[in-house]
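Enquirer: Need coordinates for the following:
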Amino acid sequence: MSQSSRPVLPGKCRQPVYGLCRATLLVGVALTVLPVAAIAQETKAENETVLTPIEVTASQSTGQTLAGGVTVKQDELERINSQTIKDVFKNEPAVQVGGATAIAQKVYIQGIENTKLNVQVDGTRQVDSTFHHIGTAIIDPGMLKSVNVESGVAPADAGPNALGGAMSYETKDARDLLDQGEIFGGFAKIQYNSNTGGLAEWLTLAGQHEGFEALAYVQNSNQGNYEDGAGNEVNGTADGSNNGLGKIAFTGSEGSRIEAFASHLVDEGVRPARPNFGFLSGSRLPQWLTYKDTSFGISYVDEQPTDLQAPELSLNYSKTHLDVPKLNNNTHIESVIETLNGKAANTFNIGMGNISTGFDFYHDEATGGADTAGPAGRAGRYTETTTNIGVFSQARLSLSDRWRVSFGGRGDQQWFEGIDGTDFSEFGLSGNANTEYDLTDDLMVYGGLGSSFGGLPLGESAIYNYTSIWNYDGFKPSRSHNYKAGARYSHDQWDFDGNLFYNEIDDSHSLEYGNRNTTSDLETRGFNLSATWTYGPGFVRAAYSHTDVEKDDKVPLSNDASYQGVVVGDIVNFEVAHRFDDLGLQVGTTSELALSEDAPEKNGYAKLDTYFVANLYGEWTPEMLSEAVTFRVDALNIFDRDYFARTTAGYELSNIEPYHEPGRTFLVSAKVKF
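Expert: Predicted structure coming up:
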């Protein structure tokens with residue numbers, strides 16, 4: 001895209017935006033305090049009379065993405081039959097996932113790696129700074145209920161360090177699997193992969209009785225290496241993962257709900273020493289590599305809130321462990337990251353909408369290093385720690401029947417300690433403002449802007465003091481400035497949406513260098529378009545995204561842009577689905593078109609070629625089996641295209657062969673509900 005045709009949005013406007021966001025924070029706090037005080041006085045005067053709740057539109061209510069964001073709901077997840085996180089976003093061109101295997105997959109939101117976002121799974125903070133050759137989205141999608149992505153502009157209650165936005169993954173509860181009054185149930189599923197010659201199995205058990213709930217889920221996969229579209233076996237892609245999730249909950253008659261969960265994920269197998277490269281000349285042969293993630297959490301919410309009391313409390317713990325036995329010269333590297341995070345908030349209904357206010361915290365500790373010193377480095381185990389306490393306020397209001405706003409701010413105090421004992425104390429403000437206005441009954445326009453304090457991130461713990469002795473001279477926080485503007489049109493069976501976006505991160509940290517002040521200025525800009533036609537038993541949807549990414553005013557290299565962003569260009573997704581209700585049959589197709597991209601030529605490398613990948617599926621739930629059994633066939637990459645996905649690392653250099661995606665693959669599965 002030429003400079004003249006790019007979206008006309010502000011560039012280096014740090015001070016005005018910072019001032020605006022600081023003002024937004026003050027206004028947000030004021031709007032929290034004053035209306036609540038007023039309601040308290042009115043309630044006292046009326047002997048604690050409860051006001052009638054006012055419904056706020058879905059896009060502005062807590063837990064929903066704002067206009068311009070991405071939401072993947074439960075019915076979509078089930079229709080997609082996701083095997084990895086890449087499948088979860090296969091119909092959302094603004095969200096790209098690079099890497100052919102789960103251990104190597106990284107998510108990019110509008111061109112920005114998700115390590116620049118606040119990412120949570122069931123409220124558990126995700127810290128992905130183990131090793132830059134490891135993926136940042138190693139999540140089992142088997143029990144996902146929904147995924148919300150706030151692109152660029154994130155609300156204050158989404159959490160700290162939301163430089164490029166926020167992502168929240170939510171898993172299913174027992175009541176999502178059971179009908180009201182049903183005491184016990186679940187499902188079992190088995191699936192065969194024609195490409196890998198392997199099987200995968202799932203089992204979920206759920207029960208509920210008099211307010212008590214329990215859920216247990218296990219998944220196991222035993223896959224061989226797959227073949228790409230050229231018929232070549234791709235070494236290091238065998239899948240030996242197994243995952244588990246357990247939940248218990250109690251919901252009282254008055255609406256108080258307390259829930260606890262535990263999850264454990266293991267991805268291990270023979271992988272390249274650098275798992276995001278299909279092949280690197282001069283490196284060791286593929287070897288056994290282990291990645292483990294264990295999480296625990298407990299939460300409390302009131303599902304029958306009053307105007308003044310809608311509390312939300314949570315406490316979560318996560319531990320990730322990466323073990324790479326032999327990287328270079330028989331060097332063994334290892335990383336352990338532990339994080340404890342929590343949140344206490346209350347939502348106030350003020351008649352014209354809701355205000356959420358509260359505080360959150362996290363404490364991250366990373367320990368790692370190598371047993372053999374690297375070049376100019378020092379062998380051993382080292383630790384970095386960081387602690388953050390934040391206060392926030394976010395208002396979601398309907399100012400009239402046609403005008404809705406969401407705005408708020410947060411303040412974060414962070415303490416950081418480096419591996420050499422160097423201490424830092426940083427404070428930063430963040431603010432956001434969003435608006436939606438219905439010009440007509442069918443046409444809505446929307447926009448938003450924000451500025452986020454990024455804080456000081458943990459470094460890449462697997463290589464502490466490996467390539468050089470780490471130092472913290474000039475180490476300082478990042479800050480982002482984000483903008484969006486768009487319109488949505490809905491009439492009868494048609495829905496259209498389009499928006500422009502611009503994201504800028506100043507002093508965006510690269511985590512893999514001994515100089516902890518190694519930063520870049522990252523910019524992404526572009527637009528998103530989508531159109532959907534719904535016709536009763538089916539729909540047709542097309543979505544298009546154009547994204548330009550610059551790192552220090554240059555095109556980023558895929559193999560040297562870890563923790564930053566990558567070239568995306570133009571991506572188009574298509575989806576068609578149709579139900580034959582009388583037959584219990586559902587069929588559909590999904591496809592992706594990546595247009596050629598010449599941005600790498602600016603770095604002296606070949607342009608990225610166009611590729612088109614199409615998939616088909618059919619799902620049958622026969623009535624004769626009481627609709628308890630579902631048979632499904634997925635035909636993936638039906639044209640057997642040999643290609644590597646747009647955001648996969650390593651396509652520029654001659655000594656690196658990027659991972660090529662699987663060739664034609666048939667997934668045959670049977671699922672039994674009981």
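
Enquirer: can you map out the helices along the chain?
Expert: Using DSSP state H, the helices of the chain run over residues 14-45, 74-80, 85-88, 174-177.

Enquirer: average pLDDT across the last one?
Expert: If I follow you right, that is helix 174-177. The average pLDDT for helix 174-177 rounds to 95.

Enquirer: among the helices of the chain, which gets the worst mean confidence?
Expert: In terms of average pLDDT, helix 14-45 trails the rest of the helices of the chain, at a mean of 39.

Enquirer: so who does residue 321 touch?
Expert: By C-beta atoms under 8 Å, 6 or more residues apart in numbering, the contact set of residue 321 is 290, 291, 292, 293, 334, 335, 336. C-beta coordinates here come from the backbone N, C-alpha and C atoms, glycine included.

Enquirer: Isn't the fourth one up against residue 318?
Expert: Yes. Applying C-beta atoms under 8 Å, one finds residue 293 in contact with residue 318, separated by 6.9 Å.

Enquirer: Give me the residue ranges of the chain where confidence is low.
Expert: 1-63, 282-284 (pLDDT under 70).

Enquirer: Show me the residue at the heart of it, geometrically.
Expert: Nearest to the geometric centre of the chain sits residue 167, at 4.1 Å (C-alpha atoms, centre = their mean).

Enquirer: and that one, bridged to which residues?
Expert: Beta-bridge partners recorded for residue 167 (DSSP bridges): residue 119, residue 149.

Enquirer: again with residue 409
Expert: residue 393, residue 431.

Enquirer: Any figure for the gap between it and residue 452?
Expert: Using C-beta to C-beta, to the nearest Å, residue 409 is found at 10 Å from residue 452.

Enquirer: just to revisit the earlier point, so which of the contacts of residue 321 would you say is closest to residue 471?
Expert: Nearest to residue 471 among those: residue 335, at 20.0 Å, using C-beta to C-beta.

Enquirer: Next up, the contacts around that closest one.
Expert: Contact analysis of residue 335 by C-beta under 8 Å, 6+ apart lists 130, 131, 320, 321, 322, 366, 367, 368, 460, 461, 462.

Enquirer: what about 6 Å?
Expert: Residue 335 is in contact with 130, 322, 368, 461, 462, counting by C-beta atoms under 6 Å, 6 or more residues apart in numbering.

Enquirer: The residue nearest to the centre of the chain contacts residue 119, doesn't it?
Expert: Yes. Counting by C-beta atoms under 6 Å, residue 167 does reach residue 119; the two are 4.6 Å apart.

Enquirer: hang on, residue 499 packs against residue 528?
Expert: Yes. Applying C-beta under 6 Å, one finds residue 499 in contact with residue 528, separated by 5.5 Å.

Enquirer: coming back round to it: can you tell me which residues contact the residue nearest to the centre of the chain?
Expert: Residue 167 is in contact with 117, 119, 149, counting by C-beta under 6 Å, 6+ apart.

Enquirer: Take these and write them to a markdown table, including neighbour count.
Expert: Shown next, in a markdown table, are the contacts of residue 167 (neighbours: other C-beta atoms under 10 Å):
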| residue | neighbour count |
| --- | --- |
| 117 | 27 |
| 119 | 26 |
| 149 | 26 |
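
Enquirer: For residue 184, give its distance to residue 212.
Expert: Residue 184 is 12 Å from residue 212, by C-beta to C-beta.

Enquirer: Share the number of residues neighbouring residue 668, please.
Expert: Residue 668 is flanked by 14 other residues according to other C-beta atoms under 10 Å.

Enquirer: what about stretch 620-633, distance to the chain center?
Expert: Relative to its chain's centre, stretch 620-633 lies at 32 Å (C-alpha atoms, centre = their mean, to the nearest Å).

Enquirer: Now that stretch: buried residues?
Expert: Using 16 or more other C-beta atoms under 10 Å as the test for burial, stretch 620-633 gives 621, 630, 632.
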